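Novice: sequence first, then the predicted structure:
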Amino acid sequence: GAAITTAASHLLAHIDGIAAAIDGETAFVHRITLPPTATKQLAEVLPFEIEAQVPVDIDELVYDHRLLARESNQAPLVVLVAAARTEHVRQRIALVRSALGREPDRVACGSMALANLAGVVPVLRGPEPVALVDLGGRRTEVTLIAKGEPVMVRTLSRGVEGLPNSAPLLSAELRQTLLAWATHQGADVKTVYLVGGG
């Protein structure tokens with residue numbers, strides 16, 4: 001709370017809104033593929049699809065989704081879904097409210113907020129997938145962006161805290177993440193940008 005107050009309280013007079021993010025390790029992010037006929041029933045179908053993907057009852061979650069761009073109306077729907085326990089989101093909102101005196105207008109999920117950089121960094125809007133790797137002390141957040149939108153998010157269980165000894169394990173987790181994307185989507189990630197405290 002004190003860190004948030006120090007970092008952001010002086011900005012309150014100059015901003016229109018506040019956004020916060022919950023940690024990626026406390027969230028569930030999944031790519032869900034649906035038939036194109038589900039377009040009109042997406043709001044009704046998603047709770048059932050989410051519940052099938054996560055080990056938590058849907059009544060304990062708050063969730064949102066992003067429908068990814070399609071080549072045509074006949075192409076399957078690919079939905080990037082982010083969900084988190086309601087209690088974790090409430091705790092983050094309460095933390096921001098106590099530190100800044102007002103609630104956040106938006107709550108993002110893990111490093112998915114980094115995809116907003118595509119609005120100001122043109123290279124992130126290209127057709128090739130790009131990885132943003134947010135190196136933290138105890139964890140690493142990976143956000144894959146293609147054509148300016150997030151297409152995959154993953155939180156790795158290692159950060160830079162154990163370097164150099166943990167370098168082989170961290171690099172193995174990064175390789176596994178990028179290989180999972182390439183295997184599933186058939187597109188190699190050739191560009192990686194490193195960000196974060198690590």
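Specialist: Great, that's in hand.
Novice: grab the longest helix from this structure for me.
Specialist: Longest helix in the chain by number of residues, with DSSP state H as the criterion: helix 167-185.
Novice: residues in contact with that one?
Specialist: 129, 131, 133, 140, 142, 144, 151-152, 154, 156-160, 162-163, 187-189 (C-beta atoms under 8 Å, 6 or more residues apart in numbering). To be clear about C-beta, it is placed using only N, CA and C from the backbone, and glycine gets the same treatment.
Novice: and if we set it to 10 Å?
Specialist: Helix 167-185 has contacts (C-beta atoms under 10 Å, 6 or more residues apart in numbering) with 31, 78, 129, 131, 133, 135, 140, 142, 144, 146, 151-163, 166, 187-190, 192, 198.
Novice: next SSE downstream of that helix?
Specialist: Downstream of helix 167-185, the first helix or strand assigned by DSSP states H and E is strand 191-195.
Novice: so how far is T26 from S111?
Specialist: Relative to T26, S111 is positioned 13 Å away (C-beta to C-beta, to the nearest Å).
Novice: what do these two both touch?
Specialist: The contact sets of S111 and T26 overlap at T155 (C-beta under 10 Å, 6+ apart).
Novice: list the residues that contact the residue nearest to the spatial centre of the chain.
Specialist: In the chain, the residue lying closest to the centroid (C-alpha atoms, centre = their mean) is M112, at 2.6 Å. Contacts for M112 (C-beta under 10 Å, 6+ apart) come out as 21, 24, 27, 29, 64, 66, 80, 82, 141, 143, 145, 150, 152-153.
Novice: in strands, which of the residues you listed fall?
Specialist: Those of those mapping onto strands are 21, 27, 29, 64, 66, 80, 82, 141, 143, 145, 150, 152-153, per DSSP state E.
Novice: neighbour count winner among S111 and T26?
Specialist: Taking other C-beta atoms under 10 Å, S111 and T26 do not tie; S111 has more neighbours (26 against 16).
Novice: which residue packs closest to the more buried one, ignoring adjacent ones?
Specialist: E141 (3.4 Å; C-beta to C-beta, 6 or more residues apart in numbering).
Novice: the one you found reaches M152, doesn't it?
Specialist: No. When contacts are counted by C-beta atoms under 10 Å, E141 is not listed as touching M152 (11.6 Å).
Novice: quick one: pLDDT of P36?
Specialist: In this model, P36 is scored at 90, pLDDT.
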